[in-house]
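Visitor: Got a sequence here, can you build the structure:
(chains A and B)
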Number of protein chains: 2
Amino acid sequence: MTTNREKVNSIQETPKGVVLLSGGLDSTTTLAIATAEGYDCYVMSFQYGQRNNLELRFAQNIAKSFEAKQHTIIDIDLRIFGGSALTADIEVPKDYSNTELSEGIPITYVPARNTIFLSYALAWSEVLIADAIFIGVNAIDYSGYPDCRPEYIQTYEKLANLATQTGVEGKTKVRICTPLIEKTKAEIIQIGTSLGVDYSLTLSCYDPDPEGRACGKCDSCHLRRKGFEDAGIPDPTLYR
Amino acid sequence: MTTNREKVNSIQETPKGVVLLSGGLDSTTTLAIATAEGYDCYVMSFQYGQRNNLELRFAQNIAKSFEAKQHTIIDIDLRIFGGSALTADIEVPKDYSNTELSEGIPITYVPARNTIFLSYALAWSEVLIADAIFIGVNAIDYSGYPDCRPEYIQTYEKLANLATQTGVEGKTKVRICTPLIEKTKAEIIQIGTSLGVDYSLTLSCYDPDPEGRACGKCDSCHLRRKGFEDAGIPDPTLYR
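Guide: Alright, predicted model coming up:
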């Protein structure tokens, strides 16, 4: 029996990838890698009540600059779950002066966020008959987030292939691609720079001003600034 | 070190369960079981552009009748993914005359639906520090749905405990409870009836009339009617 995917593959050489894009440094580098690997990129971003909605404007410009096939913004409301500085009205911590991250799980953690995002990506990948889902998680710099760990991603990939129509056909698989998972921030910046990424188009700050200029003080700003230093590449970030 | 959950458990005996409720026969029976097992039930339903929005009205009445601690309706739009009779404007199949289900995956399958639903339930369970997520999937009558299979659920449970803050603490676990997974429709109806479920409050039909009366012709109606017959219990369903 010929599956739909086999029919499609026989007449179509270019692989399809669903790429999760926040507008930050990591996800933008991930999009650059997927593009460089020859994927037709279907970019997905999320509007989830976060304070830094600016990210989405950055994401739109980035998707455009990489000539993504499509850019879908999914509107979901995680605020009902409460409990995070990224969505609730509590202060983002900026009370330390070195580049060490605070211990444990950051208070900027949103419950089950990557699990929800990947689930939407999985639904889209099934409709598109996509070959891969790209997500820019990183197990080194963000080791405080449980849903950035390699065993989490491996288990998600297993789940993805059990969850869907594609999985039942048993012939083809969707892969969860995490090209940055074992990279340092400096390595990520070096890879992206070699692929021509313009990092001034990206926003990492948890607390930017209305023009999108970074605070320079939050965890994310510290990591990013140190990444450029370690990579020996000038930091194009606009700080306020 | 004492975890938050240990602190909570030490002062609180009643377990918490997040229960996914569609307003149909299976999920209502699942809520009855969770309630009978002594869980404080936090009920979650989804508004996802399906044609049978009536289900949500049924779900609200059911959650009330079981004195759920809370009932949250999450608004998500699966229509952007297309491709299903439950959300798109194509005809639900009613062209057969026996109770055998059509072969293969039903066209009423919504891409990654249970994966998305469970992900929201997982987020809520993390915030509530819940002990379990209840979902009324069934591997027998709905074997055409890939995301109703036991291996899918087992993998989701593994994922859930890797995905969250709770999982990282490594002390406690959220379980994915599927009390109906190996039951026939007749057994489900017998269990629910023994727990006092009023099935006239539930809606299974894919194509009800505006008053919520069932068509009697779709897959779901056939299964339900046969379930009551096999259980030897009068069918309280209102057919149009």
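Visitor: Tell me who's in contact with residue A:156.
Guide: Counting by CB atoms under 8 Å, 6 or more residues apart in numbering or on different chains, residue A:156 touches A:115, A:118, A:176, B:159. C-beta coordinates here come from the backbone N, C-alpha and C atoms, glycine included.
Visitor: Can you give me the buried ones in the strand of greatest length in chain A?
Guide: Ranked by number of residues, the top strand in chain A under DSSP state E is strand A:40-47. In terms of neighbour count (16 or more other CB atoms under 10 Å in any protein chain shown), strand A:40-47 has its buried residues at A:40, A:41, A:42, A:43, A:44, A:45, A:46.
Visitor: Please apply the same query to stretch A:23-37.
Guide: Neighbour-count burial for stretch A:23-37 [16+ other CB under 10 Å]: A:23-35.
Visitor: what does stretch A:197-217 give?
Guide: Buried residues in stretch A:197-217, counted by 16+ other CB under 10 Å: A:197, A:199, A:202-208, A:212, A:214-217.
Visitor: Could you give the average pLDDT over it?
Guide: Averaged over stretch A:197-217, pLDDT sits at 91.
Visitor: Helices of chain A, start to end?
Guide: For chain A, applying DSSP state H gives helices covering A:4-11, A:25-36, A:54-65, A:113-128, A:150-163, A:165-169, A:185-194, A:219-231.
Visitor: which strands and helices sit next to the last one?
Guide: Going back to what we said before, that points to helix A:219-231. helix A:185-194 (3 or more CB pairs under 8 Å, 6 or more residues apart in numbering or on different chains; DSSP states H and E).
Visitor: The fourth one too?
Guide: Using 3+ CB pairs under 8 Å, 6+ apart as the contact criterion, the secondary-structure elements in contact with helix A:113-128 are strand A:16-20, strand A:40-47, strand A:132-134, helix A:150-163, helix B:113-128, helix B:150-163.
Visitor: who wins for proximity to residue B:180 among those?
Guide: Set against residue B:180 and scored by CB to CB, the helices and strands packed on helix A:113-128 come closest in helix B:150-163, at 11.3 Å.
Visitor: Kindly export the closest one (C-alpha atoms) in PDB.
Guide: The C-alpha trace of helix B:150-163 is given here as PDB (Å, rounded to 0.1, in the frame of the first residue of the first chain):
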ATOM      1  CA  PRO B 150      -2.200   2.400  25.600                       C
ATOM      2  CA  GLU B 151       1.400   2.900  24.400                       C
ATOM      3  CA  TYR B 152       0.500   6.500  23.500                       C
ATOM      4  CA  ILE B 153      -0.800   7.100  27.000                       C
ATOM      5  CA  GLN B 154       2.200   5.400  28.700                       C
ATOM      6  CA  THR B 155       4.600   7.600  26.700                       C
ATOM      7  CA  TYR B 156       2.600  10.700  27.500                       C
ATOM      8  CA  GLU B 157       2.900   9.900  31.200                       C
ATOM      9  CA  LYS B 158       6.600   9.500  30.900                       C
ATOM     10  CA  LEU B 159       6.800  12.800  29.000                       C
ATOM     11  CA  ALA B 160       4.600  14.500  31.600                       C
ATOM     12  CA  ASN B 161       7.000  13.600  34.400                       C
ATOM     13  CA  LEU B 162      10.000  14.800  32.300                       C
ATOM     14  CA  ALA B 163       8.300  18.000  31.200                       C
END
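Visitor: Compute the inter-axis angle for it and helix A:113-128.
Guide: Using axes from the mean of the first three to the mean of the last three CA atoms, to 10 degrees, the direction of helix B:150-163 lies 140 degrees away from that of helix A:113-128.
Visitor: how about low-confidence regions in chain A?
Guide: Scanning chain A with the threshold set as pLDDT under 70 gives A:1-12, A:49-52, A:77-110, A:141-144, A:165-172.
Visitor: Could you rerun that using 80?
Guide: Applying pLDDT under 80 to chain A flags residues A:1-13, A:48-53, A:75-111, A:141-145, A:164-172.
Visitor: and stretch A:228-240, how far apart are its ends?
Guide: End-to-end distance of stretch A:228-240 (CA to CA, to the nearest Å): 18 Å.
Visitor: got the buried residues for that stretch?
Guide: A:228, A:231, A:235, A:237.
Visitor: which two from those end up farthest apart in space?
Guide: A:231 and A:237 (13.0 Å).
Visitor: Contacts only, for residue A:192.
Guide: Taking CB under 8 Å, 6+ apart as the criterion, residue A:192 is in contact with A:25, A:28, A:29, A:32, A:199.
Visitor: follow-up on the earlier one: tabulate the buried residues of stretch A:23-37 (CSV), appending distance to chain B.
Guide: Formatted as CSV, those follow (distance: CB to the nearest CB, whole Å):
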residue, distance to chain B
A:23, 20
A:24, 20
A:25, 23
A:26, 19
A:27, 19
A:28, 23
A:29, 23
A:30, 20
A:31, 20
A:32, 25
A:33, 24
A:34, 20
A:35, 23
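Visitor: Return the member of the residues you listed nearest to residue A:148.
Guide: Of all these, residue A:148 sits closest to residue A:26, with 10.0 Å by CB to CB.
Visitor: so how many other residues sit close to the closest residue to residue A:128 other than its chain neighbours?
Guide: In space, and not counting its chain neighbours, residue A:128 is closest to residue A:16: 5.4 Å by CB to CB, 6 or more residues apart in numbering or on different chains. Neighbours of residue A:16 under the rule other CB atoms under 10 Å in any protein chain shown: 19.
Visitor: Now do the same contact list for residue A:16.
Guide: With contacts taken as CB under 8 Å, 6+ apart, residue A:16 has the following neighbours: A:39, A:40, A:42, A:69, A:125, A:128, A:129, A:130, A:131, A:132.
Visitor: Only the buried subset of these, as a ChimeraX command please.
Guide: Only the buried entries of these go into this ChimeraX selection, using 16+ other CB under 10 Å:
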select /A:39,40,42,125,128,129,130,131,132
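Visitor: follow-up on the earlier one: which pair of the buried residues of stretch A:197-217 spans the longest distance?
Guide: A:197 and A:217 (24.1 Å).
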